[in-house]
Every structure is written in C-alpha cells, then in structure tokens.
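Engineer: Got a sequence here, can you model it:
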Amino acid sequence: MGAIAAVWWWLATPITLARAPIDPNAKLQCVSYAPFRNGQTPLIPSTQIDPVLVEQDLAQLAKVTDCIRTYSIENGQDIIAGIAKKVGLKVIQGIWLSSNRFKNLNQISTVVRLTREYPDTITAVVVGNEVLLRGEMTVNDLAAIIRSVKSQVAVPVTYADVWEYWLKNREIYDAVDFITIHILPYWEDFPIRAKFAAAHVDSIRQQVALAYPNKEILIGETGWPSEGRMREGALPSRTNQARVVSEILSLAKQENFRVNLIEAYDQPWKRQLEGTVGGYWGLFDSVRRALKYPPGEPISNFPFWKWQMGAGMALSVLIFAVAVLTLRRRPWTPRPAAWIAVGLSATMAGILLGVAADKMFYESYGVGGWVQWGALLAAGIASPLLCANALMSGRSLPTFLDLLGPRDDKQRSVTMYLLGLALVVSAVIGSETALGFVFDPRYRDFPFAALTMAVVPFAFLTLNRPQGGQRPIAEAVFAGLLLISAIFTGFNEGKDNWQSLWTCVIYALFALTLWRARAAQSPK
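Structural biologist: All right, here's what the predicted structure looks like:
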C-alpha cells in the first residue's frame, strides 16, 4: 500500500508556474475558436452550429481574451462575427480554401460581405489555412486569390501555414499584408520537448523575421496538447500544456510579438484525423466548457488522483484476498515465489489501474475505441485476480487451445476459462496495436498501462507451466509478431519516447510468455 500511495503522490505532484496560463489580470491576445460540440463535426457537411451555444462560448471567451480566430464560414459559422460584436470580441476571420473552386468562391464572397457588415469587429482576413501544406492549391493560384480578396476588403489580409512553407514560398510573402505562421513544437518533424517549446517558438519567429524583415509576423497557431501519445521526447500532458502556454505568453509579452493560441475548446472531432492528441489542444474542455487551469489552483496531471489511488488500493487488496481464499479452499503450501508473484502483481495493478482508466477515458473514440480499450482494461483487471487464483492453486497459464479447442469438462473450470479469455483478449488487442505501430504509427496511442497489468501476471504464471509438450503454433505466431513489432517500434519511435519503450518491453515480455506456452500432453 505504501508503494501505491508513494507513486500516486509523485504522479499527482502539481507544478508551479511563474505565470498562470489564464491570467485574470492579463487577457490573451487571441485564441482559435471552433464552435463544434456534442459530437458535431465539420467533416459532415450537413452539420449546423447552434447560435445560442456559440453565444455562450463567446461570452465565456470574452472574459479571457480580446480576440478569436476563425477558420471558415461553413456549417453556419458565418454567424460568429455578429455574435462576437455583441460580446465585444474582435475576429480574425478565416476563409477555408481547398481544391473545390465553387466552395472557395462562396467562402470568399461571404467573408467579403462580413467585413463590410462588421468593419469594427473583423480586424483581418486569413485567406486559406495550410492549403499549401495539404497540397490542395498551387502557390500561383493562392497568390492570385489573396490579391483578389485584398482588392475587395478594407482590412489587412494574410495567409496561414506552418513556418517552413513561408520560407519556401516568397510569392505568398509578396501578396499578403502580414505573415501568419504556425509553430507547433509537438508536431515538428523533429519534435521538441515541452521544456524547450517556448524557446523553439521564439527561435523560429526570429528566423522568419530575418528572412522577411519588412512585414509584421503573427504566430497564428501555437500551443501544446494535454492528452495523447508521445512523439520522441514530446509528451502531451496537462502540466506540459500549462507550462508551454504560460512560457509562450510570457515570452510574447517580454519580446512584444503577437500570438494566437490553438485553441479555445477541445475539439473531439479532430481525433478522426489526428488521433487522440488532435482532440486535446483546448484551454477549455469540450463537454463542461470548463477552464482546464483555473487561476490559483494547482496544476496536476491527475486532478482526481486520490480516487485513482483508492481504486488501485482496493484492487490490490482484492488480489491478495483472492489468493488467501484460494488457499483456504485448497490447503497446500505454495512456493515462496508464488507469493512474491502475487505481491508484485497486486502492487503493479494498484499503481497502474488509475493510469489505465485515465487513458481509456481520454483515448477511447467511437464505439470501436471504447470496446477495444474497455476490453483491454477489463483484461488488465481480471489478469492479476485470476492469476492469483491460479498461482495459489498450482495451475499454469492455459493455452489458446485450452479455451478454444475440444471441450473437456474434467480439465476446464470457470476460472480457467476466464483466464484463457483474458489471455486471448490481451493477445489480440496487443497484436493489433503492435502491427499498428509498424504500419500506421503516427496517431496511435501506446497501451502501456493496461497491457502491463495484463501481461505481467501472465508472465509470472508461465513459470508454473511444465516444459513438456509441444509449443502451440498459435502462441508461436503471436510471439513472433509481438517480438518483431517491438524491435521495429523501439527503433522507429526513438530512445526518448518512454511510452514507446515501455510498450515495447511489454510486447517483448508477452512474446516470451507466449513462446513458453506448451500444450498439455494427451495421455497414452
């Protein structure tokens, strides 16, 4: 229990910042705003936003910022400028350009109209967002559209893209009134650690200013995600998001440059495009619309750590209780190693339960996601309980054949069936995630916590299996797949990604566990 409490106390230790991310005495310069909530997504063309909910959002944002940046007028977003005027917000109005010329013309004509209707609200127009990055338009066509919009509006006009594309395309610089660059340290080709993120943002800003000294630079997007997978040493977390935002804002004030944060509210729909991390860049959460970092409150990665610690302790006690009750029903003297295995499994499960549940809550997306991560967590909870029973009974880890093969009522019990089911679930989900990291890794989350809870007790239990008998082919195939994937993923993700390294170690341990499996010999 002491180990569980100590680890959770360490995990939940809050950070102290010189500047609060949201300072009640200093409003944000500007923040990106997308109005989608309650499962809405702009990826469905028929989606229409609710003006009442938009007004609620903007009234809330007016308390923390003077300006919002929008990206489009589709899905009913043309109402935003009018509502912003009511609550006293300025708007950097976006035109979403794509390869669809008809939609482009509609966006342009609508935004031109809005600038005339709200001349004191719309302070600038962003003609296109990362359209060059997406490869949906040529530089010459984009420059021509920018010049066309400039001739029709009375406010400054710009284009927004990641900083590398500005350095590659001088023609765009010549067409705009000011430069809008996106600097997202987490998404860099060589990801930047959170502690270096603010310095990186300033370094890139100065690099672009040196290349283009005669026009103002707006950092149109910068920030850090609060949830999601690591990229090399770049770790999404609540504390890292707060630290990066705080340091960038302090630097902007100190060096007097303009910055727009991405973004106001978490946008779950982005997870369809960018994985878990895409949905958690907001300063406010998407459901309760609550500020993630209220001024004056400690900032912790696990704000509900006491509940998570308590649940872990309860699971740990339950694992020991299962072991003791098993011995009472079948009195014998197990080896000391069996008690050590139970103790280690109970402690590890007690520590990781809260982490695994937290990951399931934030990383499950859609019915399929909830089923997958829910099943893995269930296997992670069941494994130490069932393995404690098996260790105290002197039984070994069943094979897939024991579960799925011809029925033998004399050998198969309910607990053995459940243990085999937990093994199969862990192997299937573990292998699916392992293959994902080989073939499509960019947006995948590392299932290190729940998978560890499941695999470590299995590994302890294989020590009880006699070495006689044949190695089952199914276990051998899964073992090879997991081991090869672990080696590839470890090298591909790099030595700085501890989530990857941890997951790869568990893949390798699982591979060894399955490799040690032996089918029971049939009596002659």
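
Engineer: Mind naming the longest strand for this structure?
Structural biologist: The single longest strand within the chain, with elements called by DSSP state E, is strand 122-129.

Engineer: Could you name the helices and strands sitting against that strand?
Structural biologist: strand 90-95, helix 101-117, helix 139-150, strand 157-162 (3 or more CB pairs under 8 Å, 6 or more residues apart in numbering; DSSP states H and E). Just so you know, the C-beta spots here come from the backbone N, C-alpha and C atoms, and that holds for glycine as well.

Engineer: Quick one: name whatever helix or strand follows the last one.
Structural biologist: If I follow you right, that is strand 157-162. For strand 157-162, the following helix or strand on the C-terminal side (DSSP states H and E) is helix 163-168.

Engineer: hmm, who's touching the next helix or strand after that next one?
Structural biologist: Sequence-wise, the next helix or strand downstream of helix 163-168 (DSSP H and E) is helix 170-175. Contacting residues not belonging to helix 170-175 are listed as 132, 139-140, 142-143, 146-147, 150, 159, 161, 166, 179, 212, 215 [CB atoms under 8 Å, 6 or more residues apart in numbering].

Engineer: Of those, select the buried ones using a ChimeraX command.
Structural biologist: This is how ChimeraX selects the buried members of the contacts of helix 170-175, with burial counted by 16 or more other CB atoms under 10 Å:
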select :132,142,143,146,150,159,161,166,179,212
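
Engineer: neighbours of S46, just the number please.
Structural biologist: S46 has 5 neighbours, counted by other CB atoms under 10 Å.

Engineer: typo on my end, it should be S345
Structural biologist: S345 has 27 nearby residues by other CB under 10 Å.

Engineer: what do you get for the one 5 residues further on?
Structural biologist: G350 has 28 neighbouring residues, counting by other CB under 10 Å.

Engineer: ok, now the one 3 residues further on?
Structural biologist: Applying other CB under 10 Å, we find 26 residues neighbouring L353.

Engineer: Distance-wise, check it relative to A323.
Structural biologist: Distance, L353 to A323, by CB to CB, to the nearest Å: 18 Å.

Engineer: again, but for V505
Structural biologist: 26 Å.

Engineer: Quick check: end-to-end length of stretch 177-191?
Structural biologist: Using CA to CA, to the nearest Å, one end of stretch 177-191 lies 30 Å from the other.

Engineer: For that stretch, the averaged confidence score.
Structural biologist: For stretch 177-191, the mean per-residue pLDDT is 97.

Engineer: ranges for the helices of the stretch 201-350 of the chain?
Structural biologist: For the stretch 201-350 of the chain, helices defined by DSSP state H, counting those that start in this stretch occupy the ranges 238-255, 271-274, 305-329, 336-363.

Engineer: Any idea which of these gets closest to P441?
Structural biologist: Shortest distance between P441 and the helices of the stretch 201-350 of the chain, using CB to CB, is found for helix 271-274: 13.2 Å.

Engineer: who touches the closest one?
Structural biologist: Contact with helix 271-274 is made by 41, 43, 278-279, 365, 443, as judged by CB under 8 Å, 6+ apart.

Engineer: What residues sit buried inside it?
Structural biologist: Taking 16+ other CB under 10 Å as the criterion, helix 271-274 shows 271, 274 as buried.

Engineer: Pull that helix out as PDB, backbone CA atoms only.
Structural biologist: Taking Å, rounded to 0.1, in the frame of the first residue of the first chain, the C-alpha atoms of helix 271-274 are listed here in PDB:
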ATOM      1  CA  ARG A 271      -9.400  12.800 -33.400                       C
ATOM      2  CA  GLN A 272     -10.800  11.300 -36.500                       C
ATOM      3  CA  LEU A 273      -7.900  12.900 -38.400                       C
ATOM      4  CA  GLU A 274      -5.100  13.200 -35.900                       C
END
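
Engineer: these two touch, right, Y165 and G135?
Structural biologist: No: applying CB atoms under 8 Å as the test, Y165 and G135 come out as separate, 10.7 Å apart.

Engineer: more crowded one of these two?
Structural biologist: The residue with more neighbours, out of Y165 and G135, is Y165; 18 against 8, by other CB under 10 Å.
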